[in-house]
Every structure is written in C-alpha cells, then in structure tokens.
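J.: Sequence plus the predicted model coming up.
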Amino acid sequence: MLGESSGDCFVHYLFIGDMDSEACGGEKLVPSGRIVGILQRNWRDYVASLRDDEVSQSKSPGKVLVTPYDRRIPRIRISTRQAEQLKGQRFIVRIDSWDVDSLYPNGHFVRSLGPCGNVETETAVILVENGISVMPFSDGQLKELPVNTSENPWVMEEEEIARRRDLRNSHLIFSIDPKGCEDVDDTLSVRQLPNGNIELGVHIADVSFFVKPQSLTDREAQSRSTTVYLADRRYDMLPPVLSTDLCSLISNVDRYAMSVLWELNSSTYEVKHVWYGRTVICSAYKLFYEAAQDIVENRKLSKELISLIPELDGISEAECQERLVALRWVICKLTEIARVLRERRDEGGALELEGIEVRVQIGKEKAIEDLVPKQPLEVHETVAECMIFANHWVAKKIEESFPDCALLRRHPLPRQEQFSKLIQCAGSRGFTINTKSNKLLAKSLDSAVDPHDPDVNRLLRMMATQAMSNAVYFSTGSVTRDQFFHYGLALDQYTHFTSPIRRYADLVVHRVLMAAVDSEVKSRCSPLGNRELEVLSHHLNSKHRAAQQAQRASVEMFQALYFSNVKDGQKSVSEAVICGLRSNGLVVFIPRYAVKCPVYLRNKEGEVTQPLPDGEGIQYGPGSLVQEGHSVIVVSSNSTVHYRLFDHIMVCISAVWSTSHAPSFLCELLNCKTVKPTAALSISDPTRMKTDFVKEVEGSVRKEQAIVAEADDSQLSELKVLYGQTQTDTSLYHLIRQIKKLSLSVK
C-alpha cells in the first residue's frame, strides 16, 4: 500500500493488480483506493450556468444549484434572488465551504460573463476556466518602457552599439513567418565565408535588453509566462511597444538581437565553431511561408515573386533581379542545411508526429467564413529545424556554464501502456509498431504506410502524438543528467531560446546565456539559483499547459459556431475516417475540419442503422450491433454491414450546444456504404515525391564527399570506383538540378 500527494488530497492506493487475473474471474484489474484526507484546497473561480429545471425544483427559497462548465466539478449551491435573470447566462461562482453530510459544496455568485453562445462570452469562459488573466498593462509598467512615436522616435544608443557585434552590413538577414505576423522574434542568415565554409545564423529579438529582472514589466511577464493565441485573437505577454514594435524584427529597421553563429563545413555541414552574443541587425526581408516556398521551388516567374516581396518594390529591374538571385541562393542553401540537420536527428530517433492545424477564416462582419487546414510546406520544417538547432546549442552552452541552475526543457519517456491503442489500430492493417525506443517507433511509423490510403499513416501518427508525455521545463540541479533528454526531438539537451517575445522561459534563458558568455553581465546579475528556478519551472509549465488548452478550446468553439451557422447543408457533409470503435457506434476523424466526433449506429430505443431500400440514406430498425476484433458489425433484417478501422464513410457534421458545458460535435451517418479514400497531398502528390527524391540524392552525395575528403591519396582511386564518382557536370544529381533551374516539370 502506497500513498501519494497530488496537492489537493492524499490518496491511499491499494494495489491488487499483481493478483492472478484467472483467480479473479479473468477480469482486468486496476489500481483502486480511497481518499483519507485533504491536504490543501485547490478552489478557483468556476464558470457555471443555471438550468431551467433547477429554479422550479429548488426547495429552499433563494438557494439554487448551478452547473459548472467543467464536467468534473459537482453542482454548487448558491444563494441568489436573481435566479430568473441568470437563466441562459454564464457566470462566475466561488466555493466557500463543503459540509461533510452534503453532496454539493456551498458557494456564492461573483459576476456574470454574458449570454451562452455569444463569442465574447464563450471566450471569457475559456480564459477563466484556464486561469488566464488578460488585464490591461498598468501605467507603471508602460512608464518604465521606451517610447516610440512619430513625434518622439526611439533611437539606438551609440555606446550600446559599440558593445555589440554589428551585422547590418555584413549579413543578409531575413525572417519567414505566417501572413499577418506582427511579433517577429526570429530571423535567419546564411553566407559563405572567405575560407569556403558556410556560416549559419539565428538572430533572436533581444528582449532582455528592455525587460530588466524584477522590473514591473518583468514581473507581469513572469505572471503571464506566455502569449495566449486564440482562434480569433491573441493576448500578449509583453506590452505592444515591445511585442509588435521595438522587439519585433521587422524588415529595414535596426534592431538589437541575440545571435548564434555557426561555422559549418561546406560539404558535410558539421559544426566547426560556434559564437554566441549580442548583435545589431537589420532584417532585409520579412517573408511569409508561401513566398519562401515559391522561391525554393522556383515555381513562379520573377515578376510574380517580386510582387510577393514588398522590399523589392520601387527599385530598378536590374537591381531587383540581382537581389532575387541572392535571396534564392540563401533560402535554398538554408533548406539544404536544414535537410541535413533533420537527417541527423532522424538517425538518432527523432519522431515526425502528426497534428492538423485549422485556421478560422473570419470575414469583415466577424462571420466565420471557413475552416482552413494548414497546408504543410517544406519551408515550415526548414525554419523549425533551424530553431531546434539553436535551442539545442544554447542548451549545451548554458548547462556547461551553469550545471546546477540552467533552465532546460525535457520530454520524458512515454508510458508503454499509452501506446496500446496505437498498436491495436496499426495491427488492424497488418502493421507492427515497436515502441521500445523513439528510433524504433519512428521506423515503425515510417513503415506503416497504406499506398491506397494516406490517412492511415496520418492517424497512426496522431495516435502516437496522443500517447506522448508532455515536455516540461526544469532546473538542471533538480533532475539527474540522464533525464535531460528530449524524447521526441532525439536530443540530449534542449531549451527554449528562440521566442522571448511570447515565452518567459526564453527570456530567462537569454539572461543565463549572457551570463555564460559575458563575465561582466554575470558579475552584475547572477542567474537564479536551483530552488528558485525549480519553482519558476512549475509555474511556466502550468501556464504553458493552460495556454495550449485555451487555444484548443477556442478552435473547437469556432468550429462549433461554423457548423451551427452553416446555411448550405452540403457544407457540413464530409468524408470521415473511422478511428475508434464503441459498443453503440464509431468514433470518426474528419481531416477536412480536424474534428473528431462520435457516430451512433444504435439509437436510444435500441434500433440500429440499416440502409433504405434504394441503398441511399439510412433508417433505424430492429437489429443487433456487435464489436468483433477491429470492426463493428450491424445486423438488421435486410442487411449486414461491417465497419472496420480506417474505413471511410460519409457523414453530416453538426454542433451540439449546451447551456451548461462546452459545445461538442455529432456526426450522422449518411449511408451504410464505405467510400474510396480521397488521395492526400502528404503521400501521393508527385511534387512531394520528387522533392523526397532530390533530398535522397543530395544526402548520398554529401556522404560520398565526406568520405572522399577524409581519405588519403592511396585510397582515393579505390573510393571513386566504389562510389561511382562522376564529373560534376555529367552526374545525375547535376542534371536534376539543371532541370529544376530551367523550371521544367518531369511528367
């Protein structure tokens, strides 16, 4: 018998799972226990609503039971004389006490949030339920920050510039971000050094210059810990003068930055030297992802590309072409480097997990026009890989300098039982998933591909994502070194350095990094100790988790609003993939809208679905429903229908709104037929296949060059024969690159 404190209560666990299951009737046993004492109350503000029947059934005058938004919380008894006015409203209540002999706690009304179903009300509910404060920044916080207006513009200090490495005239620096991004906190650079090597640079907004430790702004940023991104808005961690102005690395404006510069071998891209420090930069281009991808693939004519890059507007055609050629070389070289970096992590067991992002497209009247899935582009991976590279090297540096008080981020090993659903679902299609290590898991997922249905691999990767444990911040002095690793990224050390505008953890890491590379900074402002850093880590983890939950809830709320407001019935009809089986139906995933919801094959009266006489549409009638292996079988008087895992069916999606809880989704089966899977870009698109082929050729060429470069003269002729070395201008690789340059498409 063991005990465990969760912060709210003390539970005794009575473990009976080790008993012989056959002796217990073959039933699956689970740990059980009972609460023996409360150590600390964890009461908070709760959003609640009043059901119509509660007012009429109330036995005590002035007392009503309200239903919390969170289904895990029991109903709360409050005293109010405004019960009628609270109908259809969402409001905040607080718990005051809980009598020993009562099923319900006692509480009181705090304030109303607004009517149920209203966008502003539902957004306020999400923020309250996740403990997110969005109060305006105080006058005191704003007064300690610089001013930057047309009448009083902010200018850099010459003394500060002299203390930094000036990259404004030596580096072509640019950013690649989503359309409409205002808080640009990372930029990149690539250039060839005089010795022939390549220099890769990651340049991050120097927020630590403006936000001093223990200042009012710093305390508020620590309290918020992260910028909260919702479907239709964001709540910044820092005041706008910093987040979208002085710290935002917009183009053609001088900015302070924290930079990491690597000198890489020109053929293998192995790190020869790394430099960390404060810099002055001027970003030349603020690109968005789609324009950068067009540059890499050379899919558009120069005039079309120029129209996508505002910085090229208004200059001569000759200069424009020259700058475009230079920009294309830089981005293509960056892409090539990122592919090598990713390849190395893949060899170490990095996981490519699946998560479909949906962007809410809102019109001028704030009406929801569409739900647009994010289209995966290689340039997304390129930027992400460079940021991962920077985070990894900064983690190495600060852990080396402060082994007992560096803020790192780890991704613990997942629990093996969490993979049971993944293994079972993969087995339904004949795939074997090995979860003994991240490398074996990655290899298994790469092999679990159905050439006729790309959604199978996508769903398996989503299940793998759901099985993962959460990555967390920690202090290096609180965890043994063998626990520093990041399971998903296959790295031994990792931290967050690249987004200080929107994450407080990155700001802390910037300060630690400066103390590591600058003795003057270290003597003036020593980093936090292990105990303080561990307390801060718990706070950051809590706030980070709350922001993620709020973002998901916001997207789900807008998805529900979209399906509630659909006028054309055909818009809510979509293809769905069966991803789960239940005793009364199915669980399906709709890739088009990134929605998972139930499909009931048996109604409350016990009738099951069966096809109409003409085969189109369904009706309910007598019959049986049996879950057998990896399928659900529906038997009726006129048909027997099998629904298997990963089958595709047509459904009609609808939103179910509740006056008490969060909205949910329901799918109605349109007919009893399965449909042929729709081809997906991720697997079957020939452009992606050609890109993968070019990657493979580039990878093999680099390996051959590295081996030959290390060989002596006596081995050179033998290696040329072994690897089939051909002259550069006649190699297959060279011919493919020439075809790409000529913009010829291979049919």
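T.: Arrived safely, thanks for sending. Residues are numbered from 1 along each chain as shown.
J.: Now Pro598: which helix or strand?
T.: Mapping Pro598 onto the secondary structure by DSSP states H and E places it in strand 595-600.
J.: How far does that strand sit from its chain's centre?
T.: 23 Å (CA atoms, centre = their mean, to the nearest Å).
J.: buried residues in it?
T.: Residues of strand 595-600 classed as buried by neighbour count (16 or more other CB atoms under 10 Å): 595-600. For the C-beta atoms, the positions are set from N, CA and C on the backbone; glycine is no exception.
J.: Show the end-to-end separation of stretch 647-665, please.
T.: In stretch 647-665, first residue to last residue: 20 Å (CA to CA, to the nearest Å).
J.: how far out from the middle of the chain is the strand or helix carrying Leu261?
T.: Using DSSP H and E, Leu261 falls within strand 254-264. Relative to its parent chain, strand 254-264 has a centroid offset of 25 Å by CA atoms, centre = their mean.
J.: List the strands paired with it, with their directions.
T.: Strand pairing for strand 254-264, determined by DSSP bridges: strand 198-205 (antiparallel), strand 271-282 (antiparallel).
J.: Would you tell me which one of these is buried the most?
T.: Highest mean neighbour count of these: strand 198-205, a mean of 24 (counted as mean count of other CB atoms under 10 Å).
J.: quick one, which of the strands paired with strand 254-264 is nearest to Gly62?
T.: Closest to Gly62 of these is strand 198-205 (CB to CB; 55.3 Å).
J.: Report all helices and strands that the helix or strand just after that closest one contacts.
T.: Next along the chain after strand 198-205, taking DSSP H and E as the criterion, comes helix 207-210. Contact here means 3 or more CB pairs under 8 Å, 6 or more residues apart in numbering; DSSP states H and E; on that basis helix 207-210 packs against helix 504-517.
J.: Just name whatever secondary elements the helix it packs on is in contact with.
T.: Right, helix 504-517 is packed against helix 207-210, helix 216-224, strand 254-264, strand 271-282, helix 378-401, strand 407-410, helix 519-524, helix 530-564 by 3+ CB pairs under 8 Å, 6+ apart.
J.: So which of these is the most surrounded?
T.: Neighbour counts (mean count of other CB under 10 Å) averaged over each of the helices and strands packed on helix 504-517 peak at strand 407-410, with a mean of 25.
J.: Low-confidence stretches in the protein?
T.: Counting by pLDDT under 70, the chain contains low-confidence residues at 1-29, 54-60, 299-302, 522-523, 567-571, 679-747.
J.: Nearest to the middle of it, which residue? Look it up for me.
T.: Residue closest to the mean C-alpha point of the chain, counted by CA atoms, centre = their mean, is Gly355 at 7.5 Å.
J.: where does it fall, phi/psi-wise?
T.: Main-chain torsions, Gly355, degrees, to the nearest 10: phi -150, psi 120.
J.: List the contacts of it.
T.: 462, 465 (CB atoms under 8 Å, 6 or more residues apart in numbering).
J.: related to what we said a few turns ago, CA atoms only for the next helix or strand after the strand holding Pro598 - export them in PDB, please.
T.: Heading C-terminal from strand 595-600, the first helix or strand you meet, by DSSP H and E, is strand 608-611. Output of strand 608-611 as PDB, limited to C-alpha atoms (Å, rounded to 0.1, in the frame of the first residue of the first chain):
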ATOM      1  CA  VAL A 608     -29.800   0.100 -35.400                       C
ATOM      2  CA  THR A 609     -28.900   1.700 -38.700                       C
ATOM      3  CA  GLN A 610     -29.900   0.000 -41.900                       C
ATOM      4  CA  PRO A 611     -29.900   1.100 -45.500                       C
END
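J.: contact partners of strand 608-611?
T.: Strand 608-611 has contacts (CB under 8 Å, 6+ apart) with 601-602, 617-625, 634-639, 641, 669, 671-673.
J.: what distance separates the start and the end of stretch 168-181?
T.: Length of stretch 168-181, first residue to last, CA to CA: 23 Å.
J.: List the buried residues in that stretch.
T.: 171-177, 181.
J.: ok, back up a step: show me which pair in the buried residues of strand 595-600 is furthest apart.
T.: Val595 and Tyr600 (15.9 Å).
J.: Now do the contacts for the nearest residue to Arg345 once chain neighbours are set aside.
T.: Excluding the flanking residues, the one nearest Arg345 by CB to CB, 6 or more residues apart in numbering is Ala490, at 5.1 Å. Listed by CB under 8 Å, 6+ apart, the contact set of Ala490 reads 345-346, 348-351, 438-439.
J.: same check, this time on Leu459
T.: Taking CB under 8 Å, 6+ apart as the test, what Leu459 contacts is 354, 425, 577, 579, 589, 646.
J.: nearest to Tyr46, of the residues you listed?
T.: Of those, the one sitting nearest to Tyr46 (CB to CB) turns out to be Phe589, at 31.4 Å.
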